[in-house]
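Participant: What would the 3D arrangement of this be:
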Amino acid sequence: MDITKLRNIGIAAHIDAGKTTTSERILFYTGRNYKMGEVHEGAATMDWMDLERERGITITSAATTCEWKGFLINLIDTPGHVDFTVEVERSLRVLDGAVAVFCAVGGVEPQSETVWRQADKYRVPRIAFVNKMDRIGADFKGVINDIQERLGARPIAIQLPIGSEEDFIGVIDLVETRAVYYRDELGTTPEVRPVPLDMAAEVKKARELMFEILCDVDEDVMALYLEGQEISSELIKKALREGTISMKLVPVICGSAFRNKGIQLLLDSIANYLPSPADLPPITGRSPYDESKIIELQCDVEEPLSALVFKIAVDPFLGRLAFVRVYSGRLLKGTMVYNSTSGQRERVGRILRMYANKREDIDETEAGMIVAVPSLKLTRTGDTLCRENEQVVLENLTFPDPVISLSVEPATQADKLKLTKGLTALSEEDPTFIVRSDEESGQTIISGMGELHLEIIVDRLKREFGVDVKVGRPQVAYRETIQKSASAEGKYIRQSGGRGQYGHVVIEMEPLEDRKSYEYEDKTVGGMIPKEYIPAVEKGLAEAVQTGVLGSYPVIGLKITLVGGSYHEVDSSELAFRIAASMAFKDAMKKASPVLMEPIMKVEVVTPEAYLGDVIGDISSRRGRVEGMDVRANARIIHGYVPLSSMFGYATDLRSKTSGRATYSMQFDHYEPAPVEVAEKILRG
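Facilitator: Modelled structure (predicted):
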C-alpha cells in the first residue's frame, strides 16, 4: 500500500448540517454503494442502528473504507448532537484530516464551534464544505465570513456557486478556472464548461483574493503573482495542500449533498489537500517504565508496532469490537499483542476492514490504517497495543464529566441480570456514560451528557439487551466548592488489644480560581510522615473529595496541601492514614465556607422575530441570562446561559411558545454557585 495515497478523514459538523447525507453520497460516487441511502427515509448506510434510522440522527461514529482515483479513504461519519460529543472527540484523536460541513443557511452553529475546537485541540487539518446551497436563504459568502469571525480560521474560497437556492446548478472551480454543471438527477455525469461570461468579473475577483491569501504560505506563488505571471493549477494545489496541512488555511468548497451536486469535487479536494499519515509529524508516546522518556515513532511498517484503541462497540453478531488506529509497524492476524496501558496480553484472532456495519476479513494491516479487532476482552477505550519487547504508551483520551443522572431499575426480577449485562456493555462502549450504585438508596444510577444521551441509552437497553426498565426523574450533577482557606488535622487512633491504629495528618485547604480542578501538594519535611504512608494520605484525600459535606456531591475548585502529621513506630498503617486524611478533609471543608455549585449550560435559540419577546421572557423565568443576539436571515439568534436544572422539558415548551418554529441547542459550559434559596431547596431534597 502506498501510504501517500491514504486518507483517514472524518465528516463533522452541527446537527442537521448534512454530514450523513454527504457520507452517503461519497459512498455512492466511490462505488462502495450502488444506491444512495437517505436519512429521512431511514436508509442511510452510515446510520446503521435502528435508533439512528428512526430518529434521523447519528448516534455512533461509523467507519467505512472506499476508493477514489487511486486513493484509499478511511471515512468516519460522526454525530452532530452535543450529547454525543465524545464520539467526535475520539474520532478526531485518530484522524489525519476532517471535512467540516456547514449549512449554507445556518452557517457556523454552536456544535460547529465545539467540533472546530476539538479539531484544533488535536491539530487536525480541515476543508470546509458549505452544504445545502439549494436551500432558501443559502449564503456562501456569509458562511465564509462566519468561519473567519466565529472560528478564528482563515478560509480560502476555491469554488463559487453558480446560482443559489432553487437556481443552484453547479460550481465554478477557481483552481482550474472552469464551470462544473450538474444536469442529471444523480449527478454522475457533471458537465465541464468554460466560466460563464456573466460571472467572469466575480471569478477574476475571487481568484485575486485566493492568490493574495496563498502568497502568505507559498513563496513561489508570491513571486509569480507579484510579477503578474500565470500561476499553474499544479502550483495552486501544492500551495493549498501545504497551507491546509500546516493549518494556516481552510479551503472552502460548496454543493448540495441531497441534490447530488459537488460531491465529486469534494472527493478531489480530500485527495488533493488533506494529509496522508506520511505528511504528519511522528506519533509520540512514552515509556511505561519511565514517564519522562518520550518515544517518537514514524508512520512506517518497519517501526515497532503502536496502535491506539479509540472506540469499543458492541456488535450484534461479533460481540465486542475494538476500533484501532495503527500508527506504526504491522498488526498481524493470529499474533499476540501487549496492552501497555493495562499490562495485559491479548490475542488478535481476526482483523476486520469496516464498511459501516458490514465487514471484510483481512490477514494484516499496516501503519496508517484504521481497522476493527473483535474479541479483545481486556482492552478499553484509550489503551495502547504494542509488542511486549518494544513497549510504548500513546497519549490517552480525556473525556468530560457527565452532567445529568437518572435512576434505573428492572421492570421485573428476571430482568435484573440482563440490566447489569447491558449497562456494563454500554459503559464500556461510551466513556461518558457512567454507572454506579447509590449506597444509601441501593438504586442503580446512570449518568451522561444530556437528556437525549440517557434517553438513547434506555432505548438501547430495551432493543439490544431486551431489558424493560423503570426510569426515575432526571437528576442534575451538582458539585461543591469552598470560598475561603482553612486548615485542619485528622487523628485516627484506635487501641484494641494487640496492634492498634495510628494516623495523624495536618492539611491546608484553599480555593482555586479554576473552578474545575482539584490539586494536591505534599509539603511535609523531615520525615513527619514516613514516605511509605504519603500515597495513602493522597489516596484518602482523593476519595474524600468525591463526597462533600453539604450534599455528598464531588468537590471541585480547591487545592489541598499536606503540611504535617505524626506517626507511631508500631501502630501506624496505610489504612489509618487514609482515614485520618478523610477526617481532616471533612473538618477543613466545614471551616472553608462550602457552597453548592450547579452546572450552567450555554444555550443558543434560533427563533423568528415575532416570538423574540416570549423566548427571552422564558429564558429569564428559568434563571437564565441573555448574553447577546445576532440576526441571521429573517431569524434572531439568542445567546445565553441557563442552569441545567431549569432546562428539563424546554424542547416542548419552546415548541408550544413558537408554534414549532424555533430551535435550540445547549451544551455544558461551567459550574457556578447556586443561589442560597435554590441550594437550600436542593439540599432539603
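
Participant: Three-state assignment for residue 142, please.
Facilitator: The three-state assignment at residue 142 reads helix, by DSSP: H, G, I helix; E, B strand; the rest coil.

Participant: number of nearby residues for it?
Facilitator: 17 (other C-beta atoms under 10 Å). For glycine as for every other residue, the C-beta is placed from the backbone atoms N, C-alpha and C.

Participant: in the stretch 551-685 of the chain, which spans are strands?
Facilitator: Along the stretch 551-685 of the chain, counting by DSSP state E, counting those that start in this stretch, strands occupy 558-566, 594-608, 625-632, 635-643, 663-673.

Participant: so can I have JSON lines of these showing mean neighbour count?
Facilitator: JSON lines is the format used below for these (neighbours: other C-beta atoms under 10 Å):
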{"stretch": "strand 558-566", "mean neighbour count": "20"}
{"stretch": "strand 594-608", "mean neighbour count": "21"}
{"stretch": "strand 625-632", "mean neighbour count": "12"}
{"stretch": "strand 635-643", "mean neighbour count": "19"}
{"stretch": "strand 663-673", "mean neighbour count": "18"}
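
Participant: export those strands to JSON lines and tack on mean pLDDT and distance to residue 14?
Facilitator: Shown next, in JSON lines, are the strands of the stretch 551-685 of the chain (pLDDT from 0 to 100; distance: least, C-beta to C-beta, whole Å):
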{"stretch": "strand 558-566", "mean pLDDT": "93", "distance to residue 14": "36"}
{"stretch": "strand 594-608", "mean pLDDT": "90", "distance to residue 14": "10"}
{"stretch": "strand 625-632", "mean pLDDT": "86", "distance to residue 14": "13"}
{"stretch": "strand 635-643", "mean pLDDT": "90", "distance to residue 14": "13"}
{"stretch": "strand 663-673", "mean pLDDT": "84", "distance to residue 14": "8"}
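
Participant: Now tabulate those strands in CSV and tack on distance to residue 618.
Facilitator: Converted to CSV, these look like this (distance: least, C-beta to C-beta, whole Å):
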stretch, distance to residue 618
strand 558-566, 35
strand 594-608, 9
strand 625-632, 11
strand 635-643, 10
strand 663-673, 11
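
Participant: which stretch among these comes nearest residue 24?
Facilitator: strand 663-673 (23.4 Å; C-beta to C-beta).

Participant: Partner strands of that closest one, with direction?
Facilitator: strand 594-608 (antiparallel) (DSSP bridges).

Participant: Next, the angle strand 625-632 makes with the partner strand.
Facilitator: Using axes from the mean of the first three to the mean of the last three C-alpha atoms, to 10 degrees, the direction of strand 594-608 lies 20 degrees away from that of strand 625-632.

Participant: what about dumping the CA coordinates of strand 594-608 to CSV?
Facilitator: Presented in CSV, the C-alpha positions along strand 594-608 are these (Å, rounded to 0.1, in the frame of the first residue of the first chain):
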residue,chain,number,x,y,z
PRO,A,594,-18.6,25.4,51.4
VAL,A,595,-21.2,26.2,48.7
LEU,A,596,-23.2,24.2,46.2
MET,A,597,-22.3,24.5,42.5
GLU,A,598,-24.7,23.9,39.7
PRO,A,599,-24.0,23.2,36.0
ILE,A,600,-24.6,26.1,33.7
MET,A,601,-25.4,25.4,30.1
LYS,A,602,-24.5,27.6,27.1
VAL,A,603,-27.8,27.9,25.2
GLU,A,604,-28.5,29.2,21.7
VAL,A,605,-32.0,29.7,20.5
VAL,A,606,-32.9,30.4,16.8
THR,A,607,-36.4,32.0,16.6
PRO,A,608,-38.5,34.1,14.2
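
Participant: so which of the strands of the stretch 551-685 of the chain comes closest to residue 298?
Facilitator: Between residue 298 and those, the shortest separation by C-beta to C-beta is 37.4 Å, and it involves strand 663-673.

Participant: contact partners of the closest one?
Facilitator: Identification of contacts with strand 663-673 by C-beta atoms under 8 Å, 6 or more residues apart in numbering yields 14-15, 82, 85, 109-111, 114, 400, 403, 449-450, 479, 481, 515-516, 556-557, 595-606, 641-642, 644, 647, 650-651, 654, 679.

Participant: thinking residue 130 is in contact with residue 143, fair?
Facilitator: Yes. Using C-beta atoms under 8 Å, residue 130 is in contact with residue 143, at 4.9 Å.

Participant: Report the set of residues contacting both of those two.
Facilitator: 102, 104, 252.

Participant: In strands, which of these fall?
Facilitator: Taking DSSP state E as the definition of strands, the shared contacts of residue 130 and residue 143 contribute 102, 252.

Participant: Of the shared contacts of residue 130 and residue 143, which is the nearest to residue 339?
Facilitator: residue 102 (39.3 Å).

Participant: and that closest one, what are its bridge partners?
Facilitator: Beta-bridge partners of residue 102, as defined by DSSP bridges: residue 130.

Participant: quick one: contacts for it?
Facilitator: 13, 14, 17, 108, 112, 128, 129, 130, 131, 143, 146, 147.

Participant: Then residue 408?
Facilitator: Going by C-beta under 8 Å, 6+ apart, the list of residues near residue 408 reads 419, 423, 443, 444, 445, 446, 458, 461, 469, 470, 471, 472.

Participant: for residue 401, same thing?
Facilitator: residue 477.

Participant: With the one 4 residues further on instead?
Facilitator: Counting by C-beta under 8 Å, 6+ apart, residue 405 touches 445, 446, 447, 448, 474, 475, 476, 477.

Participant: residues in contact with the first one?
Facilitator: So the one you mean is residue 445. Going by C-beta under 8 Å, 6+ apart, residue 445 touches 405, 406, 407, 408, 435, 436, 437, 438, 475.

Participant: among the residues you listed, which ones are buried?
Facilitator: Neighbour counting by 16 or more other C-beta atoms under 10 Å classes 405, 406, 407, 408, 435 among the contacts of residue 445 as buried.

Participant: just curious, which of the residues you listed is nearest to residue 625?
Facilitator: Of all the buried ones among the contacts of residue 445, residue 405 has the smallest distance to residue 625: 25.3 Å, by C-beta to C-beta.

Participant: Quick one: classify that closest one as helix, strand or coil.
Facilitator: Quick answer, by three-state DSSP: residue 405 is strand.

Participant: coming back round to it: among the contacts of residue 408, which ones are in strands?
Facilitator: Cross-referencing the contacts of residue 408 against strands under DSSP E gives 444, 445, 446, 469, 470, 471.

Participant: mind checking pLDDT for the third one?
Facilitator: Pointing back at residue 446 there. pLDDT recorded at residue 446 is 88.

Participant: Mind putting the contacts of residue 408 into CSV with distance to residue 160?
Facilitator: Below are the contacts of residue 408 laid out as CSV (distance: C-beta to C-beta, whole Å):
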residue, distance to residue 160
419, 56
423, 52
443, 59
444, 56
445, 54
446, 49
458, 47
461, 49
469, 53
470, 57
471, 51
472, 55
